[in-house]
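1. whatever this is, show me its structure:
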Amino acid sequence: MMRSWCVFEVSLACLGLVFPTCGQEKPAEQKKVPDAMNCLTIQAPPGKTTKLVIRGLNLDQATSVTIHEPKSRAMIIGKAQKKTPNNPLTPAMVGDTEITVEVTIHAECPQSLVPISFRNGDVAGKSCNVLVAEEPAIPEKESNGSFRSAMKIELNQSIRGKIQSPKDVDVFQATLEANQAVFLKLSAAQTGSPLAAQITIYDAKGQIIKILQSSRAATDPEMKWIPKIAGDYFFSIIDLNDFGADMFVYQFLLATTDKSE
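-> Sure, this is the predicted structure:
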């Protein structure tokens, strides 16, 4: 006796099963955007070649760098390093990668701030600024977290420092003449530093004379000030949010003239 077979035709589409046909292309993977956020080196002198460390998002995907000043040049040096921030900081706040670039600022560059940005192929990222300044900044000397250990500074000399840990305090000491106008300027936000800076001025007895903060978000504190008495004065710098890490960099200047003019 012959067996009879029942054949059922089932549509695969009815079962929700979809199979790629020959030659079907996979969707292109979206390129990550290399955003520059913070120039950790802060400044570069005109007319010289300088290495800058830039922090940002997805900089390990950068294929080229552009400095937005027509007569200046920039190139990527080496590979970007992955540096994920510690809590409570996030990559969206302070970035997740750092990359070194070599820049040559034109000797007669008219700009005090020059933007730098990166590309991943045809995808362009956001830029951050580098400060253009003739005089090199002196590195901050740790530990300088109190009046007793304050770092002594001279007028018209920039100091490059950082609020390197939560609730860190940097204190500087300067000797000033009575009735001599001085100009205080802190550069941080303008080059992308996440530092929300506050400068407090104390007299030789530790009495508060003035507290200086940013006038609005993403700006840096600065002011003209005239001490009434000759002697030693202290200048403390903190982050208003009590944050701190290696990327909370700043440059502090106590000058006899307004350097923004």
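
2. what ranges do the strands span in the stretch 151-261 of the chain?
-> When assigned using DSSP state E, counting those that start in this stretch, the strands of the stretch 151-261 of the chain occupy the ranges 151-152, 159-162, 170-176, 182-187, 197-202, 208-213, 222-225, 231-239, 249-255.

3. among those strands, which is nearest T97?
-> Closest of these to T97 is strand 249-255, at 16.3 Å (criterion: CB to CB). For the C-beta atoms, the positions are set from N, CA and C on the backbone; glycine is no exception.

4. for this structure, which segments count as helices?
-> With DSSP state H, the ranges of helices along the chain come out as 91-94.

5. which residue is nearest the centroid of it?
-> In the chain, the residue lying closest to the centroid (CA atoms, centre = their mean) is N38, at 2.2 Å.

6. what sits against the residue nearest to that one when sequence neighbours are not counted?
-> Residue nearest to N38 in three dimensions, not counting chain neighbours: G192, with 3.7 Å by CB to CB, 6 or more residues apart in numbering. The neighbours of G192, taking CB atoms under 8 Å, 6 or more residues apart in numbering as the test, are A36, M37, N38, C39, R55, C128, N129.

7. could you redo the last one with a cut-off of 10 Å?
-> 36-40, 42, 54-56, 94-95, 116, 126-130, 218, 247, 249 (CB atoms under 10 Å, 6 or more residues apart in numbering).

8. relative to L254, how far out is I163?
-> Separation of I163 from L254 (CB to CB, to the nearest Å): 18 Å.

9. wait, P136
-> Distance of P136 to L254, computed by CB to CB: 16 Å.

10. between those two, which is the more surrounded one?
-> Ranked by neighbour count (other CB atoms under 10 Å), P136 and L254 place L254 first, with 21 against 13.

11. about what we covered before: got TSV for the strands of the stretch 151-261 of the chain, with distance to G121 and mean pLDDT too?
-> Formatted as TSV, the strands of the stretch 151-261 of the chain follow (distance: least, CB to CB, whole Å; pLDDT from 0 to 100):
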stretch	distance to G121	mean pLDDT
strand 151-152	45	98
strand 159-162	33	97
strand 170-176	41	97
strand 182-187	33	95
strand 197-202	37	96
strand 208-213	42	94
strand 222-225	40	93
strand 231-239	37	97
strand 249-255	30	96
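
12. check contacts around the residue nearest to the centre of the chain.
-> N38 makes contact with 53-56, 94-95, 98, 128-129, 188-189, 191-195, 247-249, according to CB under 10 Å, 6+ apart.

13. one more pass at 7 Å, please.
-> Residues near N38 by CB atoms under 7 Å, 6 or more residues apart in numbering: R55, G56, G95, C128, T191, G192, S193, M247.

14. right, and the fourth one touches C39 too?
-> Just to be clear, that refers to C128. Yes. In this structure, C128 is within contact of C39 by CB atoms under 7 Å, at 5.4 Å.
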